[in-house]
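S.K.: Test case, fold it:
(2 chains)
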Number of protein chains: 2
Amino acid sequence: MTTVTTAWVGELTDALGADSVLTDPDVTASYARDQAMLAEAGLPAAVVLPRRTADVVAVMQIASRHGIPVVPRGAGSGLAGASNAVDGGITLVMTRMDAVLEVSPADRLAVVQPGVVNKALRDAVAGSGLFYPPDPSSYDWCTIGGNLSTNSGGLCCVKYGVTTDYVLGLEVVLADGRVLRTGRRTVKGVAGYDLARLFVGSEGTLGVITEATVALRPAPQRPVTLAATFATTAQTGQVVERVVTSGLVPSLLEVMDNTCICAVDDLLRADLDRDAHALLVAQSDTGGEAAAREIEALAQLCRDAGAEFVHTTDDPAEGDLLLAARRMALPALERLGTTLIDDVAVPRSRIAQFLDGCDAVATARGLTVGVVGHAGDGNMHPTVCFDPSDEGQRDRAFAAFDDILELGLSLGGTITGEHGVGSLKVDWLEREIGPVSLEVHRSIKAALDPAGLLNPGKVLRRVPR
Amino acid sequence: MTTVTTAWVGELTDALGADSVLTDPDVTASYARDQAMLAEAGLPAAVVLPRRTADVVAVMQIASRHGIPVVPRGAGSGLAGASNAVDGGITLVMTRMDAVLEVSPADRLAVVQPGVVNKALRDAVAGSGLFYPPDPSSYDWCTIGGNLSTNSGGLCCVKYGVTTDYVLGLEVVLADGRVLRTGRRTVKGVAGYDLARLFVGSEGTLGVITEATVALRPAPQRPVTLAATFATTAQTGQVVERVVTSGLVPSLLEVMDNTCICAVDDLLRADLDRDAHALLVAQSDTGGEAAAREIEALAQLCRDAGAEFVHTTDDPAEGDLLLAARRMALPALERLGTTLIDDVAVPRSRIAQFLDGCDAVATARGLTVGVVGHAGDGNMHPTVCFDPSDEGQRDRAFAAFDDILELGLSLGGTITGEHGVGSLKVDWLEREIGPVSLEVHRSIKAALDPAGLLNPGKVLRRVPR
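M.R.: Numbers count the residues shown, from 1 in each chain, chains lettered A, B, ... in the order given. Now for the predicted structure:
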C-alpha cells in the first residue's frame, strides 16, 4: 500500500512541484472536511494545490492512471460534506487559483479562477459599478468554485436568483484530464447542450471547474429596510404569500423564529422583541422613491396581517444593523449546542405550514429547533441544537433533522435549496428524485466519469464494484 | 419495407387510436418541415399526435422496439430545421397536448403541457397579474414545447432572460419510454444534477418533453417607448455600449439597419427615415416616473452619440406602432426574395463591428442583407435576401450566410443565439464547440439515447453505424 501510494504521489510531485503536494497527515487532516461537522470524512493520502489548469490536468491524468479518487474543494465552507475527503484519495484544493482574470464593464461579465473568494469578486467589480449577486452567508471566505459546484444562493435569491443564473461559460477538467471549454461570453447562446449548467451544482462529481465566465449586473441602489414582528406564523406566512401575489420583488425577505430572535438577542443584546413569534427583515434596492414605495407597500402588508411592530428605515447603517440580527442567527444558535443545519425549500405558499411543522418536530423530539430562512424564496434553514455528549439527544437530533426533510417533501419541497446533497443527503436524494431520475443521474455520471474517480459517494451513493 | 412499416404503424394505431396516427403521404408531407425552408427534410412514415403522456410512452416503446427514429415537434415555427422529418420515421406532433394544467399566483408558477401556444400561456396568466416573459417573434403560434426545446428568447431577453431562466421542472419521456420527472415547484433547489436545463435547448435529441413547470413574474408596467435614428453604425454601437456600461436595463432594445427600415417603410408606408443607417427602438416597463427617467437617460445617450432623430412616448398605442415597425422587419424582408435568417449573438461591445461586417459581406457577395436584432443582448438576425431561381445568387446567399457565422465567431460570438442548431448548423456547431465538447455532447447523447432514435442528425451529425 505504502509503495503504491509513493509511486503516484511521486508522479504528482514531479508534475506540480513538492510545494503543491502535501502528505503530512497532520496537514492533510486539516483538509479532511467542510463545515458539515457530522458528515463522514476520510483522510486524504495527498492534498494537492494546483496553480494552473495544466496542474489540474496532470492530477487527473495521474489519478486516472492509478485509479485514485479525487475530491475537489475550495475553502471548505460547505454544509453537506460535499468536499469531505475520501480515505486514501487526493483532495484537490483550488484556493491557489484565485485570479480575477478579467472584468469587462462593456460586456458586463467577469472571468475568474475557481479559488477567487466570493467577496473578492464582489469587490473587484464594485469599482465598475457592477455587482455579482449570489451571496451565501459565507461570502467573505467561500470560493466561486465552491459556489459553482453547489449552485449557491444566499439572501439575494428572491430578486436575483442563484449562481447558475450568472454562469455564461466554464472551463472544466474532465475525469481523464481532457479540458472542456463550454458556454460563451455572449448574453444569449443555444449552440449545443447546456453543459455549463450541468456542471454547476454537480458538487465536483462530473469535473473540476478551473475557470468561469460570469454575468454581472448593474450595482443595486442604496437599500431601504423593513423589520416587522408577528405573534403567529400564520401572520408571517400571510405576508410572504401577499408579497408574492401582489407582485412585489424585494431584494431580500428573511425570516427568523422566536428561538432565533432570543438567541440573537442573547448574543448581540440588541433589544429584540423576545415575545415575537417571528421577525421579518426585508429590503428594496430599486432606489429613490420607488424603493420607499416598495417598502411602504410591504409595511402595509405587514400591518394588514396584524404585525405587532413595523419599522422602516432608509439609513443604510441602520439597515445593516437590522440585517446583522439576521446574519447572526446561525452563530447565535451555535451557542446553544452543536447544530444540524437543515436546508429545505418549500413552495412559498407553504411557509406557514412549514414553520408550524418545525415547531411540532421540536416538541415531539424534545429539542430546540431554531428556524431562520429566506422567506422570499421559501428556502428555510431549520437548525437543530443539541448536546452531542448526550447520546439520546444526538439520536433525537438526527431524527429531527430527518423529520424536517420529510416535512419539506410532504409540502412539495426539496431536501436542499442551496447547500447541496454532499455526503449528508445521499439517501434522501434517492427518495426525492425517484428511480428513473436516479438512473439518469447515474448514466450521466458514467458518461463523464466512467471510473467513478471524481468525488465518489457524494450526490450519488458509491456503487460497489 | 411496406410490411415492416405496417407492423409498427399497426402497433401505434392499436395503442393510440387511428385518429392519432396519420400515414397519408399528402398529410404527412405537411408535417415534414419547419420554417427553415432550405434545410433538408425527409418524409415521415407516420405522423403521431399524442393526447397524453402515456401515448408518448407507447410511441417511444414501439419506436425503440423497431428502431424507428422519432422527431418531436410543436407548431413547426422553428428556423433551423430542428423539427424537420427523418425519412421513414415518426414525427411526433405535440400540439394536442395543449392544456394549461395549473396557474398558481401564490407560488408564481404555471404547469403546462408542451402543445400550449406561447401566447395562450401569456393570456392564461395575465388575469392573475402575471407574466411569462420569453416572447419569440412567433409567440402567437409557436408552442411552449418548441420554446423549451430550442431555449427560445425574444425581445424580452435584455431584461428578462430566455426560456431556461423560467424552467422549474419538466416531465420528459426518454428514448426507451421511461418517464422522467425532474426539477421542482420551489424557487430554489439543488437536489441532484440540473437535468431540466440539460433537456432545455436539446432540440428533441434527448427526450420528449410532456409537461413543464415554469416560473412567472409580476406583470410589467405600462411601457414608455423610444425610437432613434442614426447616420452611422458606430453611433448605434456606442449607444448599446453606453446602455450596458451605464447600468440601464431597458425591457427591450432593438435595432434595424437601413435595408430593414426601407423594407418596412415599403410595406407599412410608415413614413420612416429612409436615409437613416440604423433605427433603435427601446422600451422601459418599470412604470411611472422611473420608466420616464430610464427612457430619458437612454434618449440622452442617443443624443450624445449624435442621433439624427429621437422620439419618446408614454402612449402605449404609439409605442405599439413603433414596435410594429420592428416586428414587421422579417415579413418586409421576405418581400424582397427568399430569405436566409441568420442568428448570431456577439458580445455587446462588438455590435458596431458586427453590423459593419454584415455590410461588407453583402457588398462582397453582391446580395441584399438586412440586419434586425436584439441589440440589448447582442443577438442579431442578419437576413440574406435572394432569388432562389437564380442558381448563382442562391450559391452566393449560402456563402454569405456562412460568412456571417464566421464573422460572429471571429468576434467571440456564437452561431446561434436563440434559433438553435437544428439540421442547418450541425457542421458549424462542431466548429464552435471544438472536439472535446463534441465528445462530451456525444457521450451524453449516448447515455440518454443509446440507439440514437431521437431526432437523429439534429444538433449532432448522424453517426454512421
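S.K.: Please make it C-alpha for all contacts and neighbour counts, starting now.
M.R.: Fine.
S.K.: What parts of the stretch 301-450 of chain A come near chain B?
M.R.: A:345-349, A:377-379, A:412-421, A:429, A:432-433, A:436-437, A:440-441, A:443-444, A:447-448 (CA under 8 Å from any CA of the partner chain).
S.K.: Now, those residues that are in strands?
M.R.: Residues of these located in strands (DSSP state E): A:Ala345, A:Asn379.
S.K.: separation between A:Asp390 and A:Gly370?
M.R.: 19 Å (CA to CA, to the nearest Å).
S.K.: what's the lengthiest helix in chain A packed up against?
M.R.: Secondary structure of chain A per DSSP state H: the longest helix is helix A:426-448. Contacts defined by 3 or more CA pairs under 8 Å, 6 or more residues apart in numbering or on different chains; DSSP states H and E place helix A:426-448 against strand B:179-183, helix B:426-448.
S.K.: can you give me how far it is from the chain middle?
M.R.: How far helix A:426-448 lies from its chain's middle: 21 Å, per CA atoms, centre = their mean, to the nearest Å.
S.K.: can you pull the buried residues of that helix?
M.R.: Neighbour-count burial for helix A:426-448, counted by 16 or more other CA atoms under 10 Å in any protein chain shown, picks out A:426, A:428-430, A:432-433, A:436-438, A:440-448.
S.K.: Is A:Ala39 in contact with A:Leu424, as I believe?
M.R.: Yes: the criterion here is CA atoms under 8 Å, and A:Ala39 meets it with A:Leu424 at 5.7 Å.
S.K.: Touching both of these two, which residues are there?
M.R.: Common neighbours of A:Ala39 and A:Leu424, using CA atoms under 8 Å, 6 or more residues apart in numbering or on different chains, are A:Ala80, A:Gly81.
S.K.: who has more neighbours, these two?
M.R.: Here A:Ala39 and A:Leu424 are compared on neighbour count by other CA atoms under 10 Å in any protein chain shown; more neighbours surround A:Leu424, at 20 against 17.
S.K.: confidence score at the more buried one?
M.R.: Listed pLDDT for A:Leu424 reads 95.
S.K.: that's a strand at it, yeah?
M.R.: No: under DSSP: H, G, I helix; E, B strand; the rest coil, A:Leu424 sits outside any strand and is assigned coil.
S.K.: Dump the C-alpha coordinates for the longest helix of chain A into CSV.
M.R.: Presented in CSV, the C-alpha positions along helix A:426-448 are these (Å, rounded to 0.1, in the frame of the first residue of the first chain):
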residue,chain,number,x,y,z
VAL,A,426,-27.3,10.9,-0.5
ASP,A,427,-30.1,8.6,0.7
TRP,A,428,-32.6,11.5,0.8
LEU,A,429,-31.7,12.4,-2.8
GLU,A,430,-32.8,9.0,-4.0
ARG,A,431,-36.1,9.4,-2.2
GLU,A,432,-36.7,12.9,-3.6
ILE,A,433,-35.9,12.2,-7.2
GLY,A,434,-37.1,8.6,-7.6
PRO,A,435,-35.7,5.7,-9.5
VAL,A,436,-35.9,6.9,-13.1
SER,A,437,-34.1,10.2,-12.3
LEU,A,438,-31.5,8.3,-10.3
GLU,A,439,-30.9,6.1,-13.3
VAL,A,440,-30.4,9.1,-15.5
HIS,A,441,-28.1,10.7,-12.9
ARG,A,442,-26.0,7.5,-12.9
SER,A,443,-25.9,7.3,-16.7
ILE,A,444,-24.6,10.9,-16.9
LYS,A,445,-22.1,10.3,-14.2
ALA,A,446,-20.9,7.2,-16.0
ALA,A,447,-20.7,9.0,-19.3
LEU,A,448,-18.4,11.7,-17.8
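S.K.: Run through who's touching it.
M.R.: Helix A:426-448 is contacted from outside by A:174-175, A:205-207, A:409, A:414-415, A:421, A:452, A:457-461, B:178-182, B:191-193, B:440, B:443-444, B:447-448, using CA under 8 Å, 6+ apart.
S.K.: Give me the ChimeraX select line for the residues you listed, limited to the buried ones.
M.R.: Buried members of the contacts of helix A:426-448, defined by 16+ other CA under 10 Å, are picked up in ChimeraX with:
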select /A:174,175,205,206,207,409,414,415,421,452,457,458,459,460 /B:178,179,180,181,182,191,192,193,440,443,444,447,448
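S.K.: Please work out which residues outside the helix or strand bottoming out on mean pLDDT in chain A touch it.
M.R.: Every helix and strand of chain A was ranked by mean pLDDT, DSSP states H and E. The lowest is helix A:2-16, at a mean of 84. Contacts to helix A:2-16, defined as CA under 8 Å, 6+ apart, come from residues A:Ser20, A:Val21, A:Ala45, A:Ala46, A:Pro50, A:Asp55, A:Ala58, A:Val59, A:Ile62, A:Ala63, A:His66.
S.K.: mind listing what the residue of the stretch 101-250 of chain A found nearest chain B touches?
M.R.: For the stretch 101-250 of chain A and chain B, the shortest gap (CA to the nearest CA) falls at A:Gly189, measuring 4.0 Å. Applying CA under 8 Å, 6+ apart, we find A:Gly189 in contact with A:Gly183, B:Ala345, B:Thr414, B:Ile415, B:Thr416, B:Gly417, B:Glu418.
S.K.: domains of chain A?
M.R.: Listed by automatic domain parsing, the domain ranges of chain A are A:2-95, A:97-218, A:224-410, A:420-450.
S.K.: Name the helix or strand for A:Thr236, please.
M.R.: A:Thr236 belongs to helix A:233-246 when assigned by DSSP states H and E.
S.K.: And A:Ala324, by the same measure?
M.R.: Short version, using DSSP H and E: A:Ala324 is in helix A:316-327.
S.K.: Just the buried residues of that helix, please?
M.R.: By 16+ other CA under 10 Å, the buried positions in helix A:316-327 come out as A:Gly319, A:Leu322, A:Leu323, A:Ala325, A:Arg326, A:Arg327.
S.K.: same question, stretch A:24-37
M.R.: Burial within stretch A:24-37, assessed by neighbour count using 16+ other CA under 10 Å, is assigned to A:Thr28, A:Ala29, A:Tyr31, A:Ala32, A:Arg33, A:Asp34, A:Ala36.
S.K.: Strands of the stretch 101-250 of chain A, start to end?
M.R.: Using DSSP state E, counting those that start in this stretch, the strands of the stretch 101-250 of chain A run over A:109-112, A:130-131, A:167-173, A:179-183, A:208-215, A:217-218, A:224-230.
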